[in-house]
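Student: Generate a structure from the sequence data that follows.
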Amino acid sequence: MPKYTITKRLDFCYGHRLLNYDGKCRHLHGHNALMEIDITAEALDEKGMACDFSEIKQKLKTWIDLNLDHRMLLNKKDPMVTLLKEVNEPLFLMKENPTAENIAKLLFEEASKMGFQVESVRLWETPNSCATYRRNNG
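Tutor: The predicted model follows:
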């Protein structure tokens with residue numbers, strides 16, 4: 001069981017819309033997102049760190065900036081994809097609906113691929129609403 005947890009916050013902007021949804025989010029709109037990632041370690045490294053905050057920023061923020069920031073996050077089956085591609089809008093296509101829950105899961109998986117011991121990712125879609133994806137400790 002890990003003894004240490006650190007949290008890094010990263011922010012980015014994105015647009016999306018939800019398919020098969022009757023509320024306002026069925027329309028194209030944007031968010032100023034705040035992501036919080038919790039990384040765990042059972043022991044500290046030789047510098048006394050569970051993980052270097054600057055390494056998280058360098059690796060994960062770079063990936064976010066290249067793939068998600070100021071892009072439309074859409075389900076790959078969304079009919080708007082063709083139109084937006086035709087006008088060269090920057091897109092990031094997902095297999096799932098681009099909900100806060102699925103974006104949190106995406107960020108969890110990408111950070112894990114980078115070698116971080118991710119415990120959880122929280123994606124704040126608004127200042128009052130967030131979704132969390134966490135490691136299954138079962």
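Student: hang on, Met35 is in a strand, isn't it?
Tutor: Yes: applying DSSP: H, G, I helix; E, B strand; the rest coil, one finds Met35 inside a strand.
Student: Quick check: chain neighbours aside, which residue is closest to it?
Tutor: Leu10 (4.9 Å; Cβ to Cβ, 6 or more residues apart in numbering). For glycine as for every other residue, the C-beta is placed from the backbone atoms N, C-alpha and C.
Student: for that neighbour, helix, strand, or coil?
Tutor: Going by three-state DSSP: Leu10 is strand.
Student: Just confirm it contacts Ile64, I think it does.
Tutor: Yes: between Leu10 and Ile64 there is a contact under Cβ atoms under 8 Å: 6.3 Å.
Student: Quick check: neighbours shared by those two?
Tutor: Met35 (Cβ atoms under 8 Å, 6 or more residues apart in numbering).
Student: Which one's more surrounded, these two?
Tutor: Ile64 (21 against 18; other Cβ atoms under 10 Å).
Student: Contacts only, for that one.
Tutor: 10, 12, 35, 107.
Student: got it, and Lys105?
Tutor: 121, 133.
Student: Need the mean per-residue confidence for the one helix or strand it maps to.
Tutor: Here Lys105 sits within helix 100-113, counting by DSSP states H and E. Mean per-residue pLDDT for helix 100-113: 98.
Student: what comes up buried for that helix?
Tutor: Along helix 100-113, these residues count as buried under the neighbour rule (16 or more other Cβ atoms under 10 Å): 100-108, 110-111.
Student: need the next SSE after that helix, C-terminal direction.
Tutor: For helix 100-113, the succeeding helix or strand toward the C-terminus, using DSSP H and E, is strand 118-126.
Student: For that next one, enumerate the helices and strands it packs against.
Tutor: Applying 3 or more Cβ pairs under 8 Å, 6 or more residues apart in numbering; DSSP states H and E, we find strand 118-126 packed against strand 29-41, helix 100-113, strand 129-134.
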